Every structure is written in C-alpha cells, then in structure tokens.
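Asks: got a structure for you, letters missing:
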C-alpha cells in the first residue's frame with residue numbers, strides 16, 4: 001500500500017469529489033422540484049447564484065490528477081495510474097455537467 005501511496009490518494013480524492021458533487025446535485029434537484037413554475041423557468045440563475053460553491057471542487061479534482069501524475073513518475077504501475085487518472089478526469093467533467101437534471 002505504501003508503494004502506491006500517490007495513486008491511492010488520487011483515487012480517494014477523486015471518489016470524494018464525485019460523492020460531494022453528487023450530493024450537491026441532489027440538493028439542486030430537490031430545490032428545483034420544490035420551486036414553482038416561474039422559478040423553474042429561470043432556474044439556471046438560481047443554480048448559479050445559490051450553488052456556485054460547487055466550482056471550488058475543481059481544485060480537489062486538479063490535485064487528484066496531479067497526484068496521479070506524480071504516482072506515474074514514481075512508477076507505481078500502469079493499471080492503478082489509469083484508474084486514478086480516469087477517476088480524476090471524470091470528477092473534473094462531472095463538476096461542470098448538470099447531472100441534477102437526471103435526478104428529477
């Protein structure tokens with residue numbers, strides 16, 4: 001485990017970021033479902049103003065990708081590198097996609 005410490009940290013950070021973003025998107029979906037028709041029509045503004053803190057998680061995602069690259073430089077293994085870099089990219093993409101729309 002200590003031999004693959006960087007990649008393991010990268011995987012943990014990516015999964016943590018994905019879980020937090022999923023929780024925030026669930027809160028956005030609940031807010032959307034509890035709002036009336038006029039507010040739903042302009043919900044992009046509400047989402048941007050009320051839930052803009054979710055974009056701060058890009059830092060966590062970038063740290064995850066950097067840690068995965070550092071693990072690759074330490075020759076921690078190809079398979080764990082690809083898993084960690086894939087999860088890092090997924091966590092970066094999921095920050096900017098409105099997955100809350102799939103929850104309504």
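Replies: Everything's here; your move. Computed from a prediction, not measured in an experiment: that's the story for all the values here. Numbering: from 1, shown residues only.
Asks: And the helices in this protein?
Replies: 5-34, 37-41, 43-50, 58-73, 78-96 (DSSP state H).
Asks: Check which helices and strands the fourth one sits against.
Replies: The elements that helix 58-73 packs onto, with contact taken as 3 or more CB pairs under 8 Å, 6 or more residues apart in numbering; DSSP states H and E, are helix 5-34, helix 78-96. Just so you know, the C-beta spots here come from the backbone N, C-alpha and C atoms, and that holds for glycine as well.
Asks: And those: which comes nearest residue 55?
Replies: In terms of CB to CB, the element of the helices and strands packed on helix 58-73 nearest to residue 55 is helix 78-96, at 6.6 Å.
Asks: Need the helices and strands packed on helix 58-73 in a markdown table (columns: distance to residue 46, mean neighbour count and mean pLDDT).
Replies: Below are those laid out as a markdown table (distance: least, CB to CB, whole Å; neighbours: other CB atoms under 10 Å; pLDDT from 0 to 100):
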| stretch | distance to residue 46 | mean neighbour count | mean pLDDT |
| --- | --- | --- | --- |
| helix 5-34 | 7 | 17 | 94 |
| helix 78-96 | 18 | 17 | 93 |
